[in-house]
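In: A predicted structure for the sequence below; I have some questions about it.
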2 protein chains.
Amino acid sequence: MSDLDVTTLTDAVLARMSAQVTPRTRQLIGALVRHLHDFAREVELTEAEWFTAIDFLTRTGQNCTENRQEFILLSDILGLSSLVIALNHPVAAGSLASSVLGPFYLPDVPEVPLGGELASGVPGTPTRYTGQITDTAGQPLAGAVLDIWSSDGEGWYDVQKPGPLQTSARGRVRTGADGRYAFWSIKPADYPVPTDGPAGELLRAMDRDAMRPGHLHFIASAPGCASVTTQIFASDSPYLRSDAVFGVSESLVAVFEHHLPGVAPDGRRLEQAFCTVNFDIRLRPD
Amino acid sequence: MSDLDVTTLTDAVLARMSAQVTPRTRQLIGALVRHLHDFAREVELTEAEWFTAIDFLTRTGQNCTENRQEFILLSDILGLSSLVIALNHPVAAGSLASSVLGPFYLPDVPEVPLGGELASGVPGTPTRYTGQITDTAGQPLAGAVLDIWSSDGEGWYDVQKPGPLQTSARGRVRTGADGRYAFWSIKPADYPVPTDGPAGELLRAMDRDAMRPGHLHFIASAPGCASVTTQIFASDSPYLRSDAVFGVSESLVAVFEHHLPGVAPDGRRLEQAFCTVNFDIRLRPD
């Protein structure tokens, strides 16, 4: 029996996997063990640092609740979530880029009529969103669906608010025969990712900002096309180049035009300043 | 603004760390991000696999309690704990090798007189442990301390048993003027690491055995010498070459000699079969 040491231990761990293990599992666990061991060797990890990591991961798991996923946040701030999206949704020229789903998506929210209102009274600058959804050949996609959610104008999602859930700044709209969509909601605010847990500790250890540029999440889908999970970002945010979760692509930045109180393009009369945004979407065949 | 992609994202994350970050933190987080991203790129991690990992880590954290540390167990079965020990305690020729601390150490346990009994009535074959503690030059170390703990003869530690803690198979002994130690306890049983949590799932995914060879934990210390945390393993265990946590070194394997009921070397009369073990220990200067 020969002793395991810093050079032989990794192969010994890998050799323990039985021949019954499927090739993909073998590949995943093998790469995990190699990178984990290489990391420890490369930095000459001390026992105190190892224990700090054990404690950090433990508290990250224990910070997760039904309404909070601290490990996803950790993946987000380390750029892993955006990397996984980039690996699985390579940007095809001329079609909509993907971005991170984030922790606040809710399935099965109600549809509003074309041109309808999603805000449900939350604070924020009223904003009319319009655009056309086409395929990559430019053919309008009738019956395409946008499943939309965002923070309010103060940076809070409906699911973050105390008390029973009342959905707001959230809903679905469907394109008409010309592939055009329109809806009203608010202009989402810049906001910080939660910093009161382990992910916040790590941001402080890196001396990094927690802010995300204001953004509207949506999933775009249409029959015969690949669905895309993404976000659009307000072009006037100062955080476009420092998004805490690395989610911004140039093609996802939209101009929010500011208007004085008055009559909006759809005839709605507003007593307060409002915005309009036009964002066209191209979906590629499935 | 240029979009981040699978090749540029890693450097973008690293570049976010401010100049204020200490060199060691920069090294640790930098290596973590690089290995994490390299892992995802190498295996082309799918979104479903990413989410499986998020869920696995979350449940690992949530399995941790005051009496259970599932992340340490995960580190143990992946060989990381043994690697960190090997990195921080390189084996010096002729001195005691280190092994993993494990999750069951208790500080400040009482000392028993030289030759005394630690078992406190737990099931298991009575075993007399003896040996001499010297420095690496062979000089006997008087007043050296062994801080000892083990499972009982059925594989359970005192801290795993329900109800208020009653310490058993646990205690300290101190060497006499000749550097010799002696105590009675039981022969520790082979036992499986806990498999009812995420670490157990991973062992099953690797089609690996959960068994550890029977072992006695101790921390050996003496004035002027480096303390060593280690274990001795019973040479007749069938699991010496497949220890689930990769903790066995050849130099830590001890022969448990079996004896019929009768009189032990210290004059104690036993009505049942018993064992004797001699294990000499060399400590190097601090």
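Out: Thanks, I have the structure now. Residues are numbered from 1 along each chain as shown, chains lettered A, B, ... in the order given.
In: Can you get me a residue count around the residue in the stretch 101-250 of chain A positioned nearest to chain B?
Out: Nearest residue of the stretch 101-250 of chain A to chain B, counting by Cβ to the nearest Cβ: residue A:207, 3.6 Å away. All C-beta atoms are positioned from the backbone trio N, CA, C, and that covers glycine. By other Cβ atoms under 10 Å in any protein chain shown, the residues close to residue A:207 number 15.
In: did I read that right, it in a strand?
Out: No: Residue A:207: not assigned to a strand; according to DSSP: H, G, I helix; E, B strand; the rest coil it is coil.
In: ok, it touching residue B:20?
Out: Yes: here residue A:207 reaches residue B:20: they are 4.7 Å apart, a contact under Cβ atoms under 8 Å.
In: Skip the chain neighbours and tell me the closest residue to the residue of the stretch 101-250 of chain A closest to chain B.
Out: residue B:18 (3.6 Å; Cβ to Cβ, 6 or more residues apart in numbering or on different chains).
In: now residue A:124
Out: Per Cβ to Cβ, 6+ apart, closest to residue A:124 is residue A:153, 2.3 Å.
In: and what of residue A:6?
Out: Using Cβ to Cβ, 6+ apart, the nearest residue to residue A:6 is residue B:86, at 4.7 Å.
In: Mind giving me the packing neighbours of the host helix or strand of that neighbour?
Out: Per DSSP states H and E, residue B:86 falls inside helix B:80-88. Where contact means 3 or more Cβ pairs under 8 Å, 6 or more residues apart in numbering or on different chains; DSSP states H and E, helix B:80-88 is packed against helix A:9-15, helix A:23-43, helix A:47-62, helix B:70-77.
In: hmm, try it at 7 Å
Out: Packed against helix B:80-88 by the contact rule (3 or more Cβ pairs under 7 Å, 6 or more residues apart in numbering or on different chains; DSSP states H and E) you find helix A:9-15, helix A:23-43, helix A:47-62.
In: does any part of the last one sit near chain B?
Out: Which is helix A:47-62. Yes: shown here: helix A:47-62 in contact with chain B (Cβ under 7 Å from any Cβ of the partner chain) through A:47, A:49, A:50, A:54, A:57, A:58, A:60, A:61, A:62.
In: can you check the longest one too?
Out: Yes: part of helix A:23-43 sits close enough to chain B to count as contact by Cβ under 7 Å from any Cβ, namely A:25, A:27-29, A:31-33, A:35-43.
In: Could you tell me which residues make contact with residue A:218?
Out: The contact partners of residue A:218, by Cβ atoms under 7 Å, 6 or more residues apart in numbering or on different chains, come to A:146, A:147, A:148, A:230.
In: what ranges do the strands span in the stretch 151-286 of chain A?
Out: A:170-174, A:180-186, A:191-192, A:211-212, A:215-221, A:228-234, A:253-254, A:257-259, A:262-263, A:269-270, A:274-278, A:281-283 (DSSP state E, counting those that start in this stretch).
In: Mean pLDDT and distance to residue B:213 added to those, as CSV?
Out: Shown next, in CSV, are these (pLDDT from 0 to 100; distance: least, Cβ to Cβ, whole Å):
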stretch, mean pLDDT, distance to residue B:213
strand A:170-174, 98, 57
strand A:180-186, 98, 63
strand A:191-192, 94, 51
strand A:211-212, 96, 51
strand A:215-221, 98, 53
strand A:228-234, 96, 49
strand A:253-254, 96, 60
strand A:257-259, 97, 72
strand A:262-263, 97, 81
strand A:269-270, 97, 76
strand A:274-278, 98, 66
strand A:281-283, 96, 59
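In: about what we covered before: for chain B, state which of the residues of helix A:47-62 next to chain B is nearest.
Out: Nearest to chain B among these is residue A:61, at 1.2 Å by Cβ to the nearest Cβ.
In: Now the closest one. Nearest residue, chain neighbours left out?
Out: In space, residue A:61 is closest to residue B:61, 1.2 Å off (Cβ to Cβ, 6+ apart).
In: How about residue A:29?
Out: Of all residues not flanking residue A:29 in the chain, residue B:206 sits nearest, at 6.1 Å (Cβ to Cβ, 6+ apart).
In: per the record, what domains does chain A have?
Out: A:1-45, A:80-283 (automatic domain parsing).
In: now residue A:199: how far from residue A:210?
Out: From residue A:199 over to residue A:210 the distance is 9 Å, taken as Cβ to Cβ, to the nearest Å.
In: And these two? Which one has more around it.
Out: Taking other Cβ under 10 Å, residue A:199 and residue A:210 do not tie; residue A:199 has more neighbours (25 against 18).
In: My guess is residue A:13 contacts residue A:33. True?
Out: Yes: using Cβ atoms under 7 Å, residue A:13 makes contact with residue A:33 at a distance of 5.2 Å.
In: per-residue confidence at the residue nearest the centre of chain A?
Out: By Cα atoms, centre = their mean, chain A has its centre lying nearest to residue A:100, at 2.7 Å. Looking at residue A:100, its pLDDT stands at 89.
In: quick one, what contacts it?
Out: Residues in contact with residue A:100 (Cβ under 7 Å, 6+ apart) are A:76, A:81, A:82, A:85, A:245, A:247.
In: got the contact list for the second one?
Out: Residues near residue A:81 by Cβ under 7 Å, 6+ apart: A:72, A:75, A:100, A:245.
In: distance of it from residue A:206?
Out: Counting by Cβ to Cβ, the separation of residue A:81 from residue A:206 is 16 Å.
In: swap in the fourth one?
Out: Noted for residue A:85: a distance of 21 Å to residue A:206, by Cβ to Cβ.
In: tally of neighbours for the residue nearest to residue A:264 when sequence neighbours are not counted?
Out: Leaving aside its sequence neighbours, residue A:264 sits nearest to residue A:128 (Cβ to Cβ, 6+ apart; 5.7 Å). By the criterion of other Cβ under 10 Å, residue A:128 has 22 neighbours.
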